[in-house]
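Asks: Next comes the sequence, and after it the predicted model I'd like to discuss.
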Amino acid sequence: MAAFARVDAFDLEEDAHLALAKAAPLPGLHEVLVARRDLFTWPLHPAEMERYDAVVFDPPRAGARSQAMALAASQVPLAVAVSCNAESFAHDAAILCGGGYEITRVEPIDQFRHTPHVEIVACFRRRTQKPRRNRRLLG
């Protein structure tokens, strides 16, 4: 994502945080802000998300209920969800759709062959949102 725009990345897990911090200064990338934050218990509030053109979230198996509720209350025009659990994805998607988003694309990804595990990637767009050009992404 940082090849296309500035990225603010939030993750609680230390390994993910360290990997993001290591990759952030690579040449050819836009600025990447890396911060540790538990989005399950301390989600970004709608006002914090107003500066973003897009939000990408990849929650643990339990889903992103708190963050999905805050995102649904925001005016972010585009959201992308990545999920390893179809049930929690359905709950998060219902929250977003109830908050004014529509699903524009869903792709199941079978990256673990010969297992029942499937990753889901879905794009959501606000139904009544004019495009913005802040060129800043949250992911």
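Replies: Received the coordinates, thanks.

Asks: tell me which element the most far-flung residue of the chain relative to its centre falls in.
Replies: Residue distances from the centre of the chain (Cα atoms, centre = their mean) peak at residue 114, which lies 27.6 Å from the mean C-alpha position. Assessed by DSSP states H and E, residue 114 sits outside every helix and strand.

Asks: What lies in contact with stretch 16-33?
Replies: Counting contacts by Cβ atoms under 8 Å, 6 or more residues apart in numbering, the residues outside stretch 16-33 that touch it are 2-9, 11, 34, 36. Heads up, the C-betas are built off the backbone N, CA and C, glycines and all.

Asks: Can I get those in CSV including neighbour count and secondary structure?
Replies: Formatted as CSV, the contacts of stretch 16-33 follow (neighbours: other Cβ atoms under 10 Å; DSSP: H, G, I helix; E, B strand; the rest coil):
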residue, neighbour count, secondary structure
2, 18, coil
3, 9, coil
4, 11, coil
5, 18, coil
6, 19, strand
7, 23, strand
8, 19, strand
9, 22, strand
11, 18, strand
34, 18, strand
36, 13, strand
